[in-house]
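A.B. asks: this one's structure only:
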């Protein structure tokens with residue numbers, strides 16, 4: 001492999017000039033002033049020490065080289081061993097194991113569950129973002145393990161044994177029984193080729209054997225992180241010849257006595273991005289699974305888990321936006337064009353400032369959501385997160401790819417090469433918009449939350465009203481948004497669905513502007529609101545209101 005650092009030549013035709021240094025040796029937490037201030041604002045100031053440790057780790061040369069290697073050498077499936085026995089394992093590059101071990105060691109997976117002190121969810125969110133900023137693929141099993149706790153806690157016949165393993169900060173890549181391996185990661189196998197997001201159309205069947213145990217037969221079209229220790233699986237269950245409906249089953253890779261469960265890896269997906277993380281098609285044939293929650297209530301069992309994975313989609317996208325901003329600003333500060341530093345060229349300064357504003361708004365939105373998932377969250381925050389999570393997931397994640405592209409353009413030709421991280425980021429950002437529900441699915445979930453949970457709408461409205469009078473454009477946008485919300489509430493589902501995306505976008509921008517008013521410097525909030533809410537014809541990056549001090553915004557990022 002060629003080095004991903006700089007090779008300076010002594011002179012001649014290969015003298016390298018006017019190129020920025022490799023961006024390493026940076027405390028990524030300290031360098032992200034908006035994040036450090038937000039962690040304090042949202043009640044997790046006590047975590048600053050460990051977050052600085054993580055920032056220095058992920059900003060170091062070794063971690064960044066591992067991030068490169070993990071994508072340059074994607075996982076390989078081994079379905080059989082050399083003698084023809086089923087193996088069903090996925091081989092990862094050593095770099096991936098080092099990255100995921102570091103994330104687990106710092107509690108980016110389940111620290112908020114294991115130590116539910118005030119601010120723990122915010123601290124965990126910040127740690128998750130720091131790791132995902134540099135290497136996003138490992139964040140999939142980290143997020144799923146974090147989210148699965150919500151489902152396991154309601155089923156003590158599984159949780160009592162498995163939760164201590166999920167809370168562990170050790171990482172062991174091997175598939176071993178619980179007596180040999182005190183730690184664990186959890187994945188998911190939900191969707192099927194004929195149904196996709198319509199999980200109620202699943203045809204995988206689980207037949208009751210005894211107690212909470214079922215035998216599963218079926219095929220899953222997407223199984224994330226197939227080397228996890230256990231999986232949450234949706235299946236149509238049957239007991240005594242009677243159909244129970246769609247249930248959630250917990251499927252370990254290794255059974256208690258050390259025998260491997262039937263978990264046939266058919267092939268790995270050849271994905272556009274997210275290449276360091278394996279996604280597989282898997283087949284169950286007499287596979288042992290244990291019931292989570294109540295039979296026939298599979299969707300209800302996973303709903304809180306889904307909310308948390310959607311939160312992590314927001315956090316992961318915000319992390320990617322931060323990487324894009326950091327790399328673009330670094331490049332612009334280290335390169336001269338047309339007689340001055342690129343960062344000082346007014347057109348470039350405006351684009352960088354606008355990219356920074358969107359990254360800041362995404363990060364603040366993610367931390368506000370994380371705050372609503374604290375163990376001691378108020379009833380108002382619980383109601384708030386039911387609607388605000390899909391709203392934010394829809395908009396922040398949908399903005400991710402365009403944000404990555406614009407940042408990549410700031411680097412010019414370098415940005416379009418594999419040795420710089422923004423090409424990898426550009427391919428990565430669509431994952432969060434698709435995973436856990438693509439655009440239409442999420443927008444329809446927003447409608448369902450409004451219809452089934454009036455308290456969630458009231459909580460979001462209270463959140464928006466809290467900044468009334470702070471900015472006339474925000475006041476006008478909130479009024480339009482609430483009027484549209486009440487108008488759609490009177491429509492039937494088909495009529496409302498036609499406007500679901502518009503309503504979701506309106507709500508998301510209102511929430512982002514509101515959180516910027518409360519937690520960002522006035523200059524940032526003013527510029528964000530004026531650029532995004534001041535022109536009904538839409539906006540483009542770099543088109544900031546006249547008089548905006550773009551250089552001051554960039555300096556803070």
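C.D. replies: Done, it's in. It should be emphasised that the depicted structure is a prediction, and the values quoted were computed from it without experimental measurement.

A.B. asks: Residue 497: neighbouring residues, count only.
C.D. replies: 15 (other CB atoms under 10 Å). In this view, the C-beta of every residue, glycine as well, is placed from N, C-alpha and C.

A.B. asks: no wait, residue 264
C.D. replies: Residues near residue 264, counting by other CB under 10 Å: 15.

A.B. asks: quick one: it and residue 487, what's the gap?
C.D. replies: 51 Å (CB to CB, to the nearest Å).

A.B. asks: Distance-wise, check residue 455 relative to residue 464.
C.D. replies: In terms of CB to CB, residue 455 sits 15 Å off from residue 464.

A.B. asks: Then residue 312?
C.D. replies: 24 Å.

A.B. asks: related to what we said a few turns ago, looking at residue 455 and residue 464 now, which is surrounded by more residues?
C.D. replies: Using other CB under 10 Å, the more surrounded residue of residue 455 and residue 464 is residue 464, with 20 against 15.

A.B. asks: where's the more buried one, which helix or strand?
C.D. replies: Residue 464 belongs to helix 454-465 when assigned by DSSP states H and E.

A.B. asks: After that helix, which helix or strand is next?
C.D. replies: helix 472-489.

A.B. asks: buried stuff in that next one?
C.D. replies: 473-475, 477-478, 481-482, 485, 488 (16 or more other CB atoms under 10 Å).

A.B. asks: Tell me which two of these sit farthest apart.
C.D. replies: Spatial extent of these (CB to CB) is set by the pair 473 and 488 at 22.4 Å.

A.B. asks: Okay, now the sheet partners of the top strand by length along the chain, with direction.
C.D. replies: Criterion DSSP state E: the longest strand present in the chain is strand 279-292. When pairs are called by DSSP bridges, strand 279-292 turns out to pair with strand 213-224 (antiparallel), strand 242-252 (antiparallel), strand 264-268 (antiparallel).

A.B. asks: Okay, now the sheet partners of the helix or strand immediately after the longest one in the chain, with direction.
C.D. replies: Okay, so that is strand 213-224. Next helix or strand after strand 213-224 toward the C-terminus (DSSP H and E): strand 230-239. Counting by DSSP bridges, the strands paired with strand 230-239 are strand 186-189 (parallel), strand 205-210 (parallel), strand 242-252 (antiparallel).

A.B. asks: Out of these, which is the most enclosed?
C.D. replies: Among the strands paired with strand 230-239, strand 186-189 has the highest mean neighbour count (mean count of other CB atoms under 10 Å), at a mean of 28.

A.B. asks: Let me know the average pLDDT across it.
C.D. replies: On average, the pLDDT along strand 186-189 is 94.

A.B. asks: I'd assumed residue 67 was in contact with residue 93.
C.D. replies: No - counting by CB atoms under 8 Å, residue 93 stays clear of residue 67, with 11.0 Å between them.

A.B. asks: Same drill for those two, tell me which one is more crowded.
C.D. replies: residue 67 (26 against 18).

A.B. asks: three-state assignment of the more buried one?
C.D. replies: Following DSSP: H, G, I helix; E, B strand; the rest coil, residue 67 is assigned to helix.

A.B. asks: can you tell me which residues contact the residue nearest to it when sequence neighbours are not counted?
C.D. replies: Spatial nearest neighbour of residue 67, chain neighbours left out: residue 135 (3.9 Å); criterion: CB to CB, 6 or more residues apart in numbering. Applying CB atoms under 8 Å, 6 or more residues apart in numbering, we find residue 135 in contact with 58, 63, 66-67, 70, 99, 276.

A.B. asks: cool, residue 551 as well?
C.D. replies: For residue 551, the contact set (CB under 8 Å, 6+ apart) comprises 344, 349, 353.
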